[in-house]
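Participant: when you get a sec, could you give me coordinates for this:
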Amino acid sequence: MDFVAHDTQSAPQEAAELLSQSQEEMGFIPNMYRHMADAPPLLKAYKQMSQLFSQTSLSEAEQQVVLLAASVENRCDFCTKAHSKMAAGAGVSEDDVSAIREGGQPGDSKLAALAQFTKKMVAERAWLAEADMQALLQAGYERPQILEVVLGVGMKTLSNYTNHIAQTDVNPELDS
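Facilitator: The predicted model follows:
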């Protein structure tokens, strides 16, 4: 099934405004947003969740590790490439980004615990053992951050599933 990749002219009005904002903020419109625009509440929810996730107690690098690890576990090429680039921009080392992408563990032990926890949360649909949560806490995270990972995984569920269904092409600006 083909899904429309809207622009600011073809998108429903509510989505057209969000696409215009993205163009202004980023200098381009991610193809994922173009597909999400067909269902304006989806695009709005994703952008709002992204804004909320950026307000968590996780650092920008840690946020990108959560988003990258969830995307890898969900096998989303678009988001894996986008968050690889964004993680590097947030200060995650190239080696750590590669390790997460390839199913390994980052050299940074705290980021490794976070990536492993996120992947397990996705794979197990959050049916985590107490030991899984304790491992994250022992790595230096706090209990509320477990729930902040839930927010990041929820955000990636919206985008990863959209990209799977729409078979979204990766924008050159996001390819790493």
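Participant: for residue 5, see how far away the residue most central in space within the chain is.
Facilitator: Closest residue to the average C-alpha location of the chain: residue 67 at 3.4 Å, with CA atoms, centre = their mean. According to CB to CB, to the nearest Å, residue 67 and residue 5 sit 22 Å apart. (Glycine included, C-beta is placed from N, CA and C.)
Participant: go on, residue 169?
Facilitator: To residue 5, residue 169 is 8 Å away according to CB to CB.
Participant: re the thing from before, check contacts around the residue nearest to the centre of the chain.
Facilitator: Residue 67 is in contact with 53, 79, 83, 86-87, 152, 155-156, counting by CB atoms under 8 Å, 6 or more residues apart in numbering.
Participant: can you rerun that using 6 Å?
Facilitator: For residue 67, the contact set (CB atoms under 6 Å, 6 or more residues apart in numbering) comprises 83, 152, 156.
Participant: in helices only, show me those.
Facilitator: 83, 152, 156 (DSSP state H).
Participant: my guess is the last one contacts residue 72, does it?
Facilitator: No: the pair residue 156 / residue 72 is not scored as a contact, 9.9 Å apart, by CB atoms under 6 Å.
Participant: and the pLDDT for residue 15?
Facilitator: Residue 15 is assigned 97 on the pLDDT scale.
Participant: no more questions from me, cheers.
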